[in-house]
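Participant: Following is a predicted model, sequence given first.
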Amino acid sequence: MTFTLAELASRVGGEVHGDGGLRIEGVAPLEDATGAQLSFFSNRKYRRAFEATRAGAVVVGTAEAVPPGKTVLRSANPYLAFAKISTLFHPPIEPVPEVAPEAVVHPGAKIHPSAQVMPLATVAAGAEIGARTILFPGVHVGEHARIGEDCLVYPNVVIRERCVVGNRVILQPGCVIGSDGFGFALDMEGEGQGPRHYKFPQVGIVVVEDDVELGANTCVDRATLGVTRIGRGAKIDNLVQIAHNVQIGPLSILASQVGISGSTKLGMGVVAWGQVGVVGHLTIGDRAELKAQAGVAQDVEAGARVAGTPAKPDVQWARNAAVYDRLTEMRRELRELKKEVERLRAEKKDGT
Amino acid sequence: MTFTLAELASRVGGEVHGDGGLRIEGVAPLEDATGAQLSFFSNRKYRRAFEATRAGAVVVGTAEAVPPGKTVLRSANPYLAFAKISTLFHPPIEPVPEVAPEAVVHPGAKIHPSAQVMPLATVAAGAEIGARTILFPGVHVGEHARIGEDCLVYPNVVIRERCVVGNRVILQPGCVIGSDGFGFALDMEGEGQGPRHYKFPQVGIVVVEDDVELGANTCVDRATLGVTRIGRGAKIDNLVQIAHNVQIGPLSILASQVGISGSTKLGMGVVAWGQVGVVGHLTIGDRAELKAQAGVAQDVEAGARVAGTPAKPDVQWARNAAVYDRLTEMRRELRELKKEVERLRAEKKDGT
Amino acid sequence: MTFTLAELASRVGGEVHGDGGLRIEGVAPLEDATGAQLSFFSNRKYRRAFEATRAGAVVVGTAEAVPPGKTVLRSANPYLAFAKISTLFHPPIEPVPEVAPEAVVHPGAKIHPSAQVMPLATVAAGAEIGARTILFPGVHVGEHARIGEDCLVYPNVVIRERCVVGNRVILQPGCVIGSDGFGFALDMEGEGQGPRHYKFPQVGIVVVEDDVELGANTCVDRATLGVTRIGRGAKIDNLVQIAHNVQIGPLSILASQVGISGSTKLGMGVVAWGQVGVVGHLTIGDRAELKAQAGVAQDVEAGARVAGTPAKPDVQWARNAAVYDRLTEMRRELRELKKEVERLRAEKKDGT
């Protein structure tokens, strides 16, 4: 499949500077691209690679400075434009409608005729799989769980009993939906056997709304009672922990290794960067941004940006961090000042 | 199944204030509960939901202030009481004694007749599965591994060769027991091929004692030599890392994303909150508490509470954190003070 | 299998002090070893166990102080020597050349005749499995993925389409290679449906070079375009996140729960301790060391050691941390000094 550069530009609402008739056969990084490939430049760090690239053309922002003679496709949202063009060359996988003979599907499960269940996937009693959804090998769909349409469920994903997954959801390999929440009551007597942690039955479910993506080996615990919810269009990276009864607002972004503790509510469009931890029973407002490794122990207001542990407004955090680097210097200054004041006091006594 | 409120109270040792004859059909969160359901209140944050609930009755502590007219079940340990009542309505899964034809069980494995091995579980040679234990699809039990009685082993759990799991153990989906410890010796010559990391054979095992629960995608490495041990009744959340030769004491609680490095010993009833990291070869005393995200680099005494990186007593940490927020202010004050002292000195010289 | 102590010493280039004719039947920790077993001592913390051990002999460093009468095997690199000896007693698993009838191998896949594919492993169309490689149950090898020779692929590992794994690679259970990178472009219009995160197709691959080991439930994302690369001989622990387009240099060591963000390059022999996070698009120089829980937000020079968040040279970090513990004291001193200076000023005015 090939497109002229002009065709690509018109499909994504961009503008060609250079030869619009150039035939483009694919997309590639700046360093690897050939004259028949389109590349992308935006991050200043890669300026040199941009200048040196052999790419036939490069997608850039509308205001980007471009070396003379370079063919570019200018776009107001160049990353989005490049992503859409890449999709033209790499269309999503199409399901092959079938239930593989090596799959184990309970007779009481409902598989849409257009869905694909690959070998060694298991679908339990009462479960439902929607149209054009693909289950890869090793996937387990528990009893009465429901998966919507056009979902991609990669190998070894587990969706436990009664959980609900919407449409166009992508679940990366090893992701777990509906594991038990972590809830125990300390029982000092333990029926006469001594102390124990009594397990609170975790009988709620997880609802994953439409257009969500969950990363590899990410875990979403079912609610103790009620629902743990991942809102529409939220994107969650690998190895993330979502505890019981958490609510993740629509369009939120959670980077890798984030942990959200029980019953916490994230608003719409919240962004949490890598390794952030949020304690339980908090409210994080719409569009709040939690900087990498932040330890969030209090509610965060809509639109606020926080950093550090315990998390503070990031401006304050950066200011403190800057002074922190001068702590030893401050300490020395303080000591010298103390001595000087003692000297002043002593001289005064001496009358010198 | 329904119970009168009075029956429930008598089963959990609580006391009804209101109509003990009320028929209860289930449990539910404060916001969702109907007049035939029992709910629970303890966290101040949900006071409003408590006051507004339509629940038929609510489990509360003995000293809880209750709005007039509300029916409550008072208990000295209300969370435990509510947990026990919830268990009445949601009894644990019962095994269906069978080895599914689609399971792959080595002829040299021993499966107790009352156990359930679901389709696509694999049990290797010499492995043993105890009475009433359930293996879900995708579970792998390695050679000569032993699983006790009444265990729940959720989908895609891996228990590698020779590891031992006790009775009434719950393993959430994707959990790994007995992966190789991370042990390498730097070998600069590498048999003439240049430097390499020479793998130390990891030939010990993991012992998971009775009544333990391990979370989804949690990893417990086998010992290099000897045993990695998870003590009786310990509860470990999702995505936790337990390195080789670690000892986790009985009744310890490890929240999500905690990492315990090699050969470290946790005493009895230790609590580690989310994302805590503990370096290797340390001793953490009984009932110590490690606050969220703490980086523990030294032994911790029994009963101590530590926070921060490097971890300190949490009181000290909180005090430092409070001053930290005033660092820029302190710096300004220090500068002003310096100027004032310089002025005093100069005036002295001038004789003013 | 048994060896005399002298044989063992000669195989690893060590020197016996004591009875070289002693027959050794195995290796064991200091506390457990019997008179026919060899043990190991190096960490000062275990000095007492060393002195009390009943081991027939103990591997120690060349300069180690040894109690009189104790038989030791001295070596310049005692841990390496002990590792090599342990390997003699615990040789690696040998493959049983066969494709189990319960495995699902696509007719278009190529399995080397000496490889072992265990029951319930799946190998998709066009995939290749090299000589003597072992695939455990539940492993999935995607379309056109290639695995080299002498690899150990433990249960429930997923290697997605087109990824390439070298020779002598060990993949611990649940490890995921080739999951989609986390890349989305914000699309405010969303084809008239309102804002969405538009998925950038992740169509690159992962290359895992020779002699690499990846830990349990560790995730390596495929490149957006191009390659995510794990360099020769790198060792990566459990629950680590390697994002799209990352380059991990040869012989690097990444401890558990480390996260490396997109497009970051680690040089040769980099060491990152537990729970380190590194932001995207950085360069970490050869042999750099990133201390546990560090949050690395800037490039790190070759050989540098950094700690803290944001990461600083570790010497500076330790100094700051030491002063940090005196912050409340500093604050009090500052206040007292202020008062004293005010007194001096006042007395001056008063003419006292």
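Facilitator: Good, I have the coordinates.
Participant: which stretches of the stretch 251-352 of chain A form strands?
Facilitator: A:253-254, A:259-260, A:265-266, A:271-272, A:277-278, A:283-284, A:289-290, A:295-296, A:305-307, A:312-313 (DSSP state E, counting those that start in this stretch).
Participant: closest to residue C:299 out of those strands?
Facilitator: Using Cβ to Cβ as the criterion, the shortest distance between residue C:299 and the strands of the stretch 251-352 of chain A is 20.1 Å, found for strand A:305-307. Quick note: C-beta positions are derived from backbone N, CA and C, even for glycine.
Participant: re earlier: now render the strands of the stretch 251-352 of chain A as CSV, adding distance to residue C:337 and mean neighbour count.
Facilitator: Shown next, in CSV, are the strands of the stretch 251-352 of chain A (distance: least, Cβ to Cβ, whole Å; neighbours: other Cβ atoms under 10 Å in any protein chain shown):
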stretch, distance to residue C:337, mean neighbour count
strand A:253-254, 47, 26
strand A:259-260, 43, 31
strand A:265-266, 46, 24
strand A:271-272, 42, 22
strand A:277-278, 39, 28
strand A:283-284, 42, 22
strand A:289-290, 38, 24
strand A:295-296, 33, 26
strand A:305-307, 32, 23
strand A:312-313, 27, 17
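Participant: any chance of these in a markdown table, plus mean pLDDT?
Facilitator: Conversion of the strands of the stretch 251-352 of chain A to a markdown table gives the following (pLDDT from 0 to 100):
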| stretch | mean pLDDT |
| --- | --- |
| strand A:253-254 | 98 |
| strand A:259-260 | 98 |
| strand A:265-266 | 98 |
| strand A:271-272 | 98 |
| strand A:277-278 | 98 |
| strand A:283-284 | 98 |
| strand A:289-290 | 98 |
| strand A:295-296 | 98 |
| strand A:305-307 | 97 |
| strand A:312-313 | 94 |
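Participant: List just the one of those that sits closest to residue B:211.
Facilitator: With Cβ to Cβ as the measure, strand A:259-260 is the member of those nearest residue B:211 (25.0 Å).
Participant: Where do the domain boundaries of chain A fall?
Facilitator: When chain A is parsed with automatic domain parsing, its domains come out as A:3-89, A:98-315.
Participant: what about the shortest one, how long is it end to end?
Facilitator: To tie it back to what came earlier, the one meant is domain A:3-89. Between the opening and closing residues of domain A:3-89 lies a distance of 9 Å (Cα to Cα, to the nearest Å).
Participant: Now it: average pLDDT?
Facilitator: Rounded to a whole number, the mean pLDDT of domain A:3-89 is 96.
Participant: Determine how far that domain lies from the middle of the whole chain.
Facilitator: Mean C-alpha position of domain A:3-89 versus that of the full chain (Cα atoms, centre = their mean, to the nearest Å) differs by 26 Å.
Participant: Repeat that for stretch A:297-306.
Facilitator: Here stretch A:297-306 is found 18 Å from its chain centre; the criterion is Cα atoms, centre = their mean.
Participant: What lies in contact with it?
Facilitator: The list of residues contacting stretch A:297-306 from outside it, by Cβ atoms under 8 Å, 6 or more residues apart in numbering or on different chains, reads A:267, A:279, A:282-291, A:294, A:296, A:309-315, A:317, B:292.
Participant: can you give me the helices for chain A?
Facilitator: All helices of chain A, identified by DSSP state H, fall at A:5-12, A:47-52, A:78-89, A:314-324, A:327-350.
Participant: So the third one, near chain C or not?
Facilitator: Yes - contact of helix A:78-89 with chain C is found when judged by Cβ under 8 Å from any Cβ of the partner chain, involving A:79, A:80, A:82, A:83, A:84, A:86, A:87.
Participant: contacting residues around the fifth one?
Facilitator: Right, residue A:84. A:11, A:12, C:198.
Participant: Make a ChimeraX selection of the buried ones in those.
Facilitator: Listed next is the ChimeraX selection for buried residues among those, using 16 or more other Cβ atoms under 10 Å in any protein chain shown:
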select /A:12 /C:198
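Participant: gap between residue A:12 and chain B?
Facilitator: Computed as Cβ to the nearest Cβ, to the nearest Å, the residue A:12 to chain B distance reads 38 Å.
Participant: ok, now residue A:117?
Facilitator: The separation that residue A:117 has from chain B, given Cβ to the nearest Cβ, amounts to 13 Å.
Participant: That residue touches residue A:129, doesn't it?
Facilitator: Yes - with contact defined as Cβ atoms under 8 Å, residue A:117 counts as touching residue A:129 (7.0 Å).
Participant: where does the stretch 51-200 of chain A dip in pLDDT?
Facilitator: Applying pLDDT under 70 to the stretch 51-200 of chain A picks out no residues at all.
Participant: run the last query once more with 90
Facilitator: Applying pLDDT under 90 to the stretch 51-200 of chain A picks out residues A:189-193.
Participant: before we move on, back to that, the contacts of stretch A:297-306: which ones sit near chain C?
Facilitator: The overlap between the contacts of stretch A:297-306 and the neighbours of chain C (Cβ under 8 Å from any Cβ) is empty.
Participant: hmm, back to that, highest average neighbour count across the domains of chain A?
Facilitator: Most buried of these by mean neighbour count (mean count of other Cβ atoms under 10 Å in any protein chain shown) is domain A:98-315; its value is a mean of 23.
Participant: which bits of the stretch 51-200 of chain A sit near chain B?
Facilitator: When proximity is defined as Cβ under 8 Å from any Cβ, the stretch 51-200 of chain A approaches chain B at A:104, A:120, A:122, A:138, A:140, A:142, A:156, A:158, A:160, A:174, A:176, A:179-180, A:182-187, A:195-200.
Participant: Try it again at 6 Å.
Facilitator: Within the stretch 51-200 of chain A, the positions adjacent to chain B are A:104, A:120, A:122, A:138, A:140, A:156, A:158, A:174, A:176, A:179, A:182, A:184-185, A:187, A:196-198, A:200 by Cβ under 6 Å from any Cβ of the partner chain.
Participant: can you tell me which residues contact residue A:168?
Facilitator: In this structure, residue A:168 makes contact with A:150, A:210, A:211, judged by Cβ atoms under 6 Å, 6 or more residues apart in numbering or on different chains.
Participant: Out of those residues, which is nearest to chain C?
Facilitator: When the contacts of residue A:168 are ranked by distance to chain C (Cβ to the nearest Cβ), residue A:211 comes first, at 6.8 Å.
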